[in-house]
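> I'd like to go over a predicted model; first the sequence, then the structure.
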Amino acid sequence: MIICNCHFFSETTDMKDFYKVLCDEGLVAGSRADKGNVMYDFFFSADDSKRMILIEKWESIEDLQAHSETELFQKFRPLCKQNAVKSKLEMYEE
(Lines give C-alpha, C1' and ligand atoms only; values in the text may rest on other atoms or scores of the structure.)
Protein backbone atom coordinates (compact mmCIF):
# COMPACT_ATOMS: atom_id res chain seq x y z
CA MET A 1 0.00 0.00 0.00
CA ILE A 2 1.27 3.47 -0.93
CA ILE A 3 0.15 6.43 1.17
CA CYS A 4 0.48 10.01 -0.05
CA ASN A 5 -0.11 13.06 2.11
CA CYS A 6 -0.38 16.10 -0.11
CA HIS A 7 -0.35 19.38 1.80
CA PHE A 8 -1.91 22.35 0.01
CA PHE A 9 -1.37 25.96 1.04
CA SER A 10 -1.88 29.44 -0.35
CA GLU A 11 -1.51 33.04 0.71
CA THR A 12 -4.70 34.07 -1.08
CA THR A 13 -6.93 31.11 -1.93
CA ASP A 14 -9.47 29.58 0.42
CA MET A 15 -9.00 25.81 0.18
CA LYS A 16 -12.76 25.13 0.08
CA ASP A 17 -12.85 27.19 -3.11
CA PHE A 18 -9.89 25.28 -4.53
CA TYR A 19 -11.48 21.95 -3.61
CA LYS A 20 -14.59 23.02 -5.55
CA VAL A 21 -12.40 23.76 -8.59
CA LEU A 22 -10.86 20.28 -8.36
CA CYS A 23 -14.34 18.74 -8.12
CA ASP A 24 -15.73 20.84 -10.98
CA GLU A 25 -12.80 19.79 -13.20
CA GLY A 26 -13.47 16.13 -12.42
CA LEU A 27 -10.17 15.48 -10.68
CA VAL A 28 -11.65 14.23 -7.42
CA ALA A 29 -14.20 11.80 -8.89
CA GLY A 30 -11.78 10.72 -11.61
CA SER A 31 -8.96 10.02 -9.17
CA ARG A 32 -11.25 8.04 -6.89
CA ALA A 33 -12.26 5.92 -9.89
CA ASP A 34 -8.68 5.14 -10.97
CA LYS A 35 -7.54 1.53 -10.70
CA GLY A 36 -5.91 0.80 -7.36
CA ASN A 37 -7.30 3.79 -5.49
CA VAL A 38 -8.24 2.86 -1.93
CA MET A 39 -8.66 6.34 -0.40
CA TYR A 40 -8.74 9.88 -1.76
CA ASP A 41 -10.00 12.27 0.94
CA PHE A 42 -9.47 15.95 1.65
CA PHE A 43 -9.28 17.51 5.12
CA PHE A 44 -9.44 21.23 5.82
CA SER A 45 -7.47 23.01 8.54
CA ALA A 46 -9.64 24.07 11.47
CA ASP A 47 -7.40 27.09 12.07
CA ASP A 48 -6.37 28.27 8.60
CA SER A 49 -8.76 28.37 5.62
CA LYS A 50 -5.78 28.53 3.28
CA ARG A 51 -4.51 25.03 4.20
CA MET A 52 -5.78 21.52 3.54
CA ILE A 53 -4.39 18.03 3.14
CA LEU A 54 -5.25 15.26 0.71
CA ILE A 55 -4.67 11.72 1.95
CA GLU A 56 -4.40 9.14 -0.81
CA LYS A 57 -3.96 5.39 -0.55
CA TRP A 58 -3.04 3.24 -3.54
CA GLU A 59 -2.76 -0.53 -3.79
CA SER A 60 0.65 -0.29 -5.50
CA ILE A 61 3.27 2.13 -6.77
CA GLU A 62 2.32 1.04 -10.29
CA ASP A 63 -1.28 2.16 -9.71
CA LEU A 64 -0.09 5.52 -8.38
CA GLN A 65 2.24 5.92 -11.38
CA ALA A 66 -0.58 5.12 -13.81
CA HIS A 67 -2.78 7.68 -12.03
CA SER A 68 -0.12 10.37 -12.36
CA GLU A 69 0.08 9.75 -16.11
CA THR A 70 -3.65 10.20 -16.81
CA GLU A 71 -4.91 13.08 -18.93
CA LEU A 72 -7.06 14.19 -16.01
CA PHE A 73 -4.08 14.35 -13.62
CA GLN A 74 -2.21 16.54 -16.14
CA LYS A 75 -4.72 19.31 -15.31
CA PHE A 76 -3.62 19.32 -11.67
CA ARG A 77 -0.44 21.46 -11.76
CA PRO A 78 -1.95 24.15 -14.03
CA LEU A 79 -4.98 24.40 -11.71
CA CYS A 80 -2.68 24.86 -8.73
CA LYS A 81 -0.82 27.62 -10.52
CA GLN A 82 -4.02 29.35 -11.69
CA ASN A 83 -5.33 29.34 -8.11
CA ALA A 84 -2.05 30.39 -6.43
CA VAL A 85 -1.88 27.07 -4.57
CA LYS A 86 1.37 25.35 -3.65
CA SER A 87 1.77 21.78 -2.46
CA LYS A 88 4.15 19.49 -0.65
CA LEU A 89 4.00 15.72 -1.05
CA GLU A 90 4.94 13.08 1.53
CA MET A 91 4.86 9.47 0.40
CA TYR A 92 5.05 6.29 2.49
CA GLU A 93 4.87 2.58 1.87
CA GLU A 94 2.79 0.49 4.25
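Cool, the structure landed. Since this is a predicted model, take the numbers as computed values, not measurements. Numbers count the residues shown, from 1 in each chain.

> ok, and the closest non-adjacent residue to residue 17?
In this structure, residue 17 finds its nearest non-sequential neighbour in residue 83, 7.7 Å apart by C-beta to C-beta, 6 or more residues apart in numbering. Backbone N, C-alpha and C define where each C-beta goes, glycine included.

> okay but the one you found is in contact with residue 10, surely?
Yes - here residue 83 reaches residue 10: they are 7.2 Å apart, a contact under C-beta atoms under 8 Å.

> what is in contact with the two at once?
Common neighbours of residue 83 and residue 10, counting by C-beta atoms under 8 Å, 6 or more residues apart in numbering, are residue 18.

> all strands for this protein, in order.
Secondary structure of the chain (DSSP state E): strands at 2-9, 37-44, 51-58, 86-93.

> pick the most deeply packed of those strands.
Sort those by mean neighbour count, taking mean count of other C-beta atoms under 10 Å, and strand 51-58 sits at the top with a mean of 18.

> for that strand, packing partners?
For strand 51-58, the elements it packs on are strand 2-9, helix 15-24, strand 37-44, helix 61-68, judged by 3 or more C-beta pairs under 8 Å, 6 or more residues apart in numbering; DSSP states H and E.

> my guess is residue 56 contacts residue 36, does it?
No - counting by C-beta under 8 Å, residue 56 stays clear of residue 36, with 10.4 Å between them.

> where do the contact lists of these two overlap?
Common neighbours of residue 56 and residue 36 (C-beta under 8 Å, 6+ apart) are residue 64.
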